[in-house]
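1. Sequence first, predicted model second:
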Amino acid sequence: MQAALLHMVYPPQCVACDAMVASDFGLCGACWRETPFVTGLVCDQCGTPLPGQDPGHAVHCDDCLAIARPWSRGRSAMLYRDKARSLVLQLKHADRQDLARPAGGWLMRAAQPILRPGMLIAPVPLHWLRLLRRRYNQSALLSAQVARLSGLDHCPDLLQRQRNTQTQEGRSRDGRFANLADSIRVHPRRSARVEGRHVLLIDDVMTSGATLAASAEACLAMGAAEISVLVLCRVAKEC
């Protein structure tokens with residue numbers, strides 16, 4: 001009853017454009033059509049859409065064939081363009097922490113093929129200086145939502161950034177990996193939680209995969225059994 005009355009006074013609005021919608025934390029029809037959700041056949045390591053029909057076995061994109069990934073499987077909910085790019089930038093830089101809730105649902109849909117019982121969910125970390133300026137880690141907001149919806153174990157501070165790396169924007173693929181080298185470690189007080197576990201790493205955007213690779217390598221160095229990755233958006237061209 002209270003919810004119905006609240007909706008009469010404050011009708012649910014689209015999280016992207018404020019148009020009225022049927023339920024809270026949703027997209028209107030127009031924004032939904034402009035949001036490039038990933039569907040169909042995808043790369044089994046990063047979630048990039050691929051052409052063709054499901055062959056019944058894992059397939060991989062050119063990037064994942066060319067780069068040795070330190071994780072086994074991965075998925076992405078959207079491509080990083082159009083409304084998806086706008087939503088990520090608002091979550092990341094405009095204090096739109098409310099966007100984590102619908103994003104968690106989109107991530108859960110994408111993650112279904114790779115979720116496993118007993119997984120430990122952890123976000124890609126921010127350096128403490130960047131966290132101080134932004135006040136929150138958008139990846140941790142996303143990982144908390146996925147953990148809540150999946151019922152899996154969550155460790156928001158599993159990983160730490162040991163140094164404040166420079167921005168990845170404008171760097172080549174090799175430059176991105178070099179910039180992140182030895183920059184991430186498992187929190188010394190959390191090492192027991194990662195040993196022997198299958199860790200699901202969550203980030204907002206994957207471009208080259210350098211940040212996820214550094215995070216995965218840190219977990220594996222501390223005894224993680226396996227790593228999977230899940231991102232809200234993948235930077236890629238549609239096939």
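-> Alright, I've got the coordinates.
2. Show me the shaky parts of this protein.
-> Scanning the chain with the threshold set as pLDDT under 70 gives 1-10, 164-179, 181, 237-239.
3. domain assignment for it?
-> Structural domains assigned to the chain are 1-34, 42-234, following automatic domain parsing.
4. Need those in CSV (columns: mean neighbour count).
-> Backbone N, C-alpha and C define where each C-beta goes, glycine included. Output for the domains of the chain, formatted as CSV (neighbours: other Cβ atoms under 10 Å):
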stretch, mean neighbour count
domain 1-34, 13
domain 42-234, 18
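5. Which stretches in the protein count as helices?
-> Taking DSSP state H, the helices of the chain run over residues 2-9, 29-33, 62-66, 82-93, 100-111, 128-134, 138-150, 173-180, 191-194, 210-221.
6. Tell me which of those helices lies nearest to residue 48.
-> Proximity to residue 48, assessed across the helices of the chain by Cβ to Cβ, is greatest for helix 62-66 (7.3 Å).
7. Which strands or helices does that closest one pack on?
-> Helix 62-66 makes packing contacts with no helix or strand when contacts are defined by 3 or more Cβ pairs under 8 Å, 6 or more residues apart in numbering; DSSP states H and E.
8. Dump the C-alpha coordinates for that helix into CSV.
-> C-alpha atoms of helix 62-66 as CSV (Å, rounded to 0.1, in the frame of the first residue of the first chain):
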residue,chain,number,x,y,z
ASP,A,62,40.4,-12.0,-31.7
ASP,A,63,41.6,-10.1,-28.7
CYS,A,64,41.3,-13.1,-26.4
LEU,A,65,43.0,-15.4,-28.9
ALA,A,66,45.9,-12.9,-29.2
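9. So what touches it?
-> 43, 45-46, 48, 208-209 (Cβ atoms under 8 Å, 6 or more residues apart in numbering).
10. Taking these together, which two end up most distant?
-> 43 and 208 (14.0 Å).
11. hang on, the earlier thing: which one, of the helices of the chain, ends up nearest to residue 16?
-> Residue 16 lies closest, by Cβ to Cβ, to one member of the helices of the chain: helix 29-33, at 4.1 Å.
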